[in-house]
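Colleague: Sequence and predicted structure below; questions after.
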Amino acid sequence: MCGRYTLAAGPIYFQEYFDIDLSISQYAQSYNIAPSQTVPVIVQNDTGRIAQQMKWGLLPSWSKESKSKYQMINARVETLTEKKTFKHCLTSQRCLVPATGFYEWTTENGSKQPHYIFRPDYELFAFAGLWDVWHKQGDDEIHSFTIITTAANQYMQTIHQRMPVILDPHNFDSWLNPDNHDLNIQIETLNSNRDIELESYPVSTRVNNPRNNDADLLERLTN
DNA sequence: CCAGACGTTGTT
DNA sequence: GTCTGG
DNA sequence: CCAGACGTTGTT
DNA sequence: GTCTGG
């Protein structure tokens, strides 16, 4: 699955990769992004492609409570079209989730060993995401998102069973366009880049606590 | 029709 | 065991 | 995802 | 919002 990631690219580089104009309030680097945190995602609105701050953990617009138990951090691509929870979002509220890497854990002798996964060319990731906005009387709007997951590719299988869906820049426009309502094409896109080349190494268990957030978290663990 | 649920992951 | 907070 | 909390009462 | 169950 994908339950923790990093976004440590410089703002200029970030802007260029996603072809957006960035205001500083919409971007902050982090070495340890955990569910419930508010982070930048890329969406397309009337004015074009923009970065917008949203909370990780999809809170569907129909939720009765803002602290609903249905705050999904992931959505399985295999069952995406069957799930009523995601239907509306998949049709017209798709987003890109920018990342420079992500963490997955292996259990070794009862302890949880985190691994950092990144691209060999150190390029950014665009995870495929869905977003929604929740608004009930008296409360502020809550924009939130979920990351779509898929089965681990051959490389990732050595670490974990699942991984985030990673989109190729070639598909950004089609994925983001809210007027594209052909779900079959979107599912095809989601399955098209699974064999992307990845690299990884073990990192400190300091990653486990989301309160830790510094560049040293990315250092390769040495024994 | 209305009422009620709506999810993923890992581990056992 | 299960939920909340980060 | 992992870490950490998980409760009530009365008094200040 | 959308689907399933009764």
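Modeller: Okay, I see it.

Colleague: And the strands in chain A?
Modeller: A:5-7, A:30-33, A:38-45, A:48-56, A:74-76, A:94-99, A:101-108, A:111-118, A:125-134, A:142-151, A:162-164, A:199-202 (DSSP state E).

Colleague: so which of those strands is the most packed in?
Modeller: Burial of these is given as mean neighbour count (mean count of other CB atoms under 10 Å); strand A:94-99 ranks first at a mean of 26. C-betas here are computed from N, CA, C, even on glycine.

Colleague: what angle sits between that strand and strand A:38-45?
Modeller: 140 degrees (axes from the mean of the first three to the mean of the last three CA atoms, to 10 degrees).

Colleague: ok, back up a step: for A:His181, find the nearest of the strands of chain A.
Modeller: With CB to CB, the closest approach to A:His181 among the strands of chain A belongs to strand A:94-99: 10.9 Å.

Colleague: what pLDDT, on average, does that closest one get?
Modeller: Average pLDDT, strand A:94-99: 98.

Colleague: could you list every residue that touches the residue in chain A that DNA strand B sits nearest to?
Modeller: For chain A and DNA strand B, the shortest gap (CB to the nearest atom of the strand) falls at A:Met1, measuring 3.0 Å. A:Met1 makes contact with A:Ile73, A:Asn74, A:Glu104, A:Thr149, A:His160, A:Arg162, A:Met163, according to CB atoms under 8 Å, 6 or more residues apart in numbering.

Colleague: Just give the closest residue to it, not the sequence neighbours.
Modeller: A:Arg162 (4.4 Å; CB to CB, 6 or more residues apart in numbering).

Colleague: pretty sure A:Ser63 contacts A:Gly57?
Modeller: No: under the criterion of CB atoms under 8 Å, A:Ser63 makes no contact with A:Gly57, lying 11.1 Å away.

Colleague: still on that earlier bit, partner residues bridging the residue nearest to A:Met1?
Modeller: Taking DSSP bridges as the rule, A:Arg162 bridges to A:Ala151.

Colleague: how near is the closest residue to A:Asn193 other than its chain neighbours to DNA strand E?
Modeller: Residue nearest to A:Asn193 in three dimensions, not counting chain neighbours: A:Asp168, with 5.0 Å by CB to CB, 6+ apart. With the distance defined as CB to the nearest atom of the strand, to the nearest Å, A:Asp168 ends up 28 Å from DNA strand E.

Colleague: repeat for A:Leu176
Modeller: Using CB to the nearest atom of the strand, we find A:Leu176 at a distance of 19 Å from DNA strand E.

Colleague: which residue packs closest to that residue, ignoring adjacent ones?
Modeller: Once flanking residues are discounted, A:Leu176 sits nearest to A:Gln44: 4.1 Å by CB to CB, 6+ apart.
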